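**Q** sharing a model prediction with you, sequence too.
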Amino acid sequence: MISLREYLDTTRCEEPLKDLIELIAYQAIPIREAFLSNQAYAASLNASGEQQAALDTWSDRHLTNVLQESKLVAELASEEQPDVVRFPGATTNYAVVMDPLDGSSLIQVNLAVGTIVGIFGEGGVLQKGERLRAAMYMLYGPMTVLTITVGEGVCLFALNEARQYVLLSGGVRMPEGNLYGSGGIRPDWTEAHTACIGQIEGEGAKLRYSGSFVADFHQILKYGGVYCYPALKKKEEGKLRLLFEAIPIGFIAAQAGGAISNGRGDILAIEPTAVHQRTPIYVGSSGLIRHIEDLLAR
Ligand code: AHM
Ligand code: MG
């Protein structure tokens, strides 16, 4: 059995980066525990008799505190916070971008949700995705699975009974496949996106969409296909965020041989201009993403 640290020791990562990755990965344990303790059980109040915080807010505060206390992070941008947070006491230059709990509307119905994180070296949080040092997500499904890349391919780890991450598979490759899921509702889709989806459905694409980007992407990573959240008629930039959702997941996709596009080109090459910038997303098998770019250009 290969632990997360043993794997990281085989990579080119420096010690503080390994420490930071491990620290973040193991926050899956308290976040998962919070699913139980934050539950609105019938006829009960929490210790102080107050309404429990929403889990996405709780996860954001928890991760922010842990990162600040670690002194391993200089700058943080979170989907749950309006502005970039700077930690003056930091001993490194790492900049972290995160969606503390993606797909949080699905917690109520006990479907899989996840935490998405990207780590830059020096230069702050407003950088192209291709400059990430590491990207990872923890998926809270039947198992807690960590998908991680440090730019040397993609590995999957699962938390075992001893609450240690153990390698499930290394050198993960995304196959060409025929699953697809698209956010937004059809009346809001552009003509180009509607035609594109009609075309790939005609070619045999099969619908899979849960409403949790992490869970939907994880399925695409394994079986191949495409996850999309397109430009909408009245919202050209779509819904998902460039920094917190698109680039960490896109970096993982690219490291697994897949691709991420805004419909015209590589999202990882976009220079971000604002922390909460949004982007249309097509992420999945590289052949299918190229095919979709061709269809959208027609
Ligand atoms: P969130 O970060 O507020 O949870 O929103 C992001 C989520 C993604 O997980 C998911 O793919 C998408 O929003 C679903 O949106 P929709 O309900 O419009 O399909
Ligand atoms: Mg999200």
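**A** Yes, it's here. Note that this is a predicted model, so its numbers are computed, not measured. Ligands and ions are numbered 1, 2, ... in the order given.
**Q** with Gln39 as the reference, measure out to the residue minimising distance to the centre of the chain.
**A** Compute the mean C-alpha point of the chain, and by CA atoms, centre = their mean the closest residue is Ile116, 3.5 Å away. Using CB to CB, to the nearest Å, Ile116 is found at 23 Å from Gln39. Yep, even glycine has a C-beta here, placed from its N, CA and C like the rest.
**Q** tell me the residue of the stretch 101-250 of the chain that sits nearest ligand 2?
**A** Relative to ligand 2, the nearest point of the stretch 101-250 of the chain is Asp102 (3.6 Å; CB to the ion).
**Q** count of residues packed around that residue?
**A** The burial count assigned to Asp102 is 26, neighbours taken as other CB atoms under 10 Å.
**Q** any idea what it is bridged to?
**A** Asp102 forms beta bridges with Gly114, as assigned by DSSP bridges.
**Q** any buried residues in stretch 150-169, and which?
**A** By 16 or more other CB atoms under 10 Å, the buried positions in stretch 150-169 come out as Val150, Val154, Cys155, Leu156, Phe157, Ala158, Leu159, Tyr165, Leu167.
**Q** show the contacting residues for the fifth one.
**A** In other words, Phe157. Shown in contact with Phe157 (CB atoms under 8 Å, 6 or more residues apart in numbering): Leu4, Tyr7, Ala25, Val145, Leu146, Ile148, Tyr165, Val166, Leu167, Leu168.
**Q** next, Ile24: secondary structure please.
**A** Under the three-state scheme (DSSP: H, G, I helix; E, B strand; the rest coil), Ile24 adopts helix.
**Q** just the element for the closest residue to it other than its chain neighbours, please.
**A** In space, and not counting its chain neighbours, Ile24 is closest to Val117: 5.5 Å by CB to CB, 6 or more residues apart in numbering. According to DSSP states H and E, Val117 maps onto strand 113-120.
**Q** which parts of the lengthiest helix in the chain are buried?
**A** Ranked by residue count under DSSP state H, the longest helix found in the chain is helix 55-70. By neighbour count on 16+ other CB under 10 Å, the buried set for helix 55-70 is Leu55, Asp56, Trp58, Ser59, Asp60, His62, Leu63, Thr64, Val66, Leu67, Ser70.
**Q** what residues does this structure have near ligand 1?
**A** The chain comes close to ligand 1 at residues Glu79, Asp99, Asp102, Gly103, Ser104, Gly183, Gly211, Ser212, Phe213, Lys239, as judged by CB under 6 Å from any ligand atom.
**Q** rerun at 8 Å
**A** Taking CB under 8 Å from any ligand atom as the contact definition, the chain meets ligand 1 at 56, 79, 99, 101-106, 113, 183-185, 209-216, 227, 229, 239-241, 244-245.
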